[in-house]
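Student: Mind folding the following:
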Amino acid sequence: MRQRTASRLPNRATITGTEETDTNELGEPIVEEVTIADDVACAYDDESTQFVRTDSGERVNTPATVRFEQNVAVEEGHTIDIDDIERTFEARGVERKRDHRRGRLSAIVVALERVD
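Tutor: Purely as a prediction, here's the structure:
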């Protein structure tokens with residue numbers, strides 16, 4: 001099973017987010033960065049531009065995406081660092097893919113936006 005996962009998810013990622021840890025003397029929240037998941041298997045797909053054959057001939061920009069296994073706790077706003085990519089991304093859209101035949105979650109696909 002592990003070998004099949006490695007071939008389908010060739011990259012590794014670190015997911016970080018922010019968490020309210022305390023409040024200061026004014027009652028404002030103190031927010032710190034925490035690691036959500038480290039060294040997680042994923043599959044990165046770079047952004048691209050596609051031409052759509054319509055009357056107007058529009059171009060469609062497809063954002064970069066990353067696919068995780070179903071058990072990864074990623075949410076919009078989390079920061080994602082992918083090992084072999086020299087950019088940092090922020091999760092902008094999280095789509096949970098379902099296997100309707102088996103009635104369970106099969107993967108998580110995250111739309112990415114460059115941070116740096």
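
Student: From the contact counts, what lies against the lengthiest strand in the chain?
Tutor: Ranked by number of residues, the top strand in the chain under DSSP state E is strand 29-45. For strand 29-45, the packing partners by 3 or more CB pairs under 8 Å, 6 or more residues apart in numbering; DSSP states H and E come out as helix 2-8, strand 11-23, strand 65-68, strand 79-82. For glycine as for every other residue, the C-beta is placed from the backbone atoms N, C-alpha and C.

Student: Tell me what angle it forms with strand 11-23.
Tutor: 170 degrees (axes from the mean of the first three to the mean of the last three CA atoms, to 10 degrees).

Student: can you put the helices and strands packed on strand 29-45 in JSON lines and add mean neighbour count?
Tutor: Below are the helices and strands packed on strand 29-45 laid out as JSON lines (neighbours: other CB atoms under 10 Å):
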{"stretch": "helix 2-8", "mean neighbour count": "9"}
{"stretch": "strand 11-23", "mean neighbour count": "15"}
{"stretch": "strand 65-68", "mean neighbour count": "21"}
{"stretch": "strand 79-82", "mean neighbour count": "20"}
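
Student: Could I get the ones you listed in a markdown table, plus columns for mean pLDDT?
Tutor: Below are the helices and strands packed on strand 29-45 laid out as a markdown table (pLDDT from 0 to 100):
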| stretch | mean pLDDT |
| --- | --- |
| helix 2-8 | 54 |
| strand 11-23 | 91 |
| strand 65-68 | 93 |
| strand 79-82 | 95 |
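
Student: and the residue of the chain positioned farthest from its centre, helix, strand or coil?
Tutor: Largest separation from the mean C-alpha position in the chain: E25, at 35.3 Å (CA atoms, centre = their mean). Secondary structure assignment for E25 (DSSP: H, G, I helix; E, B strand; the rest coil): coil.

Student: As TSV, the helices and strands packed on strand 29-45 with distance to T88 would be great.
Tutor: Output for the helices and strands packed on strand 29-45, formatted as TSV (distance: least, CB to CB, whole Å):
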stretch	distance to T88
helix 2-8	24
strand 11-23	10
strand 65-68	12
strand 79-82	6
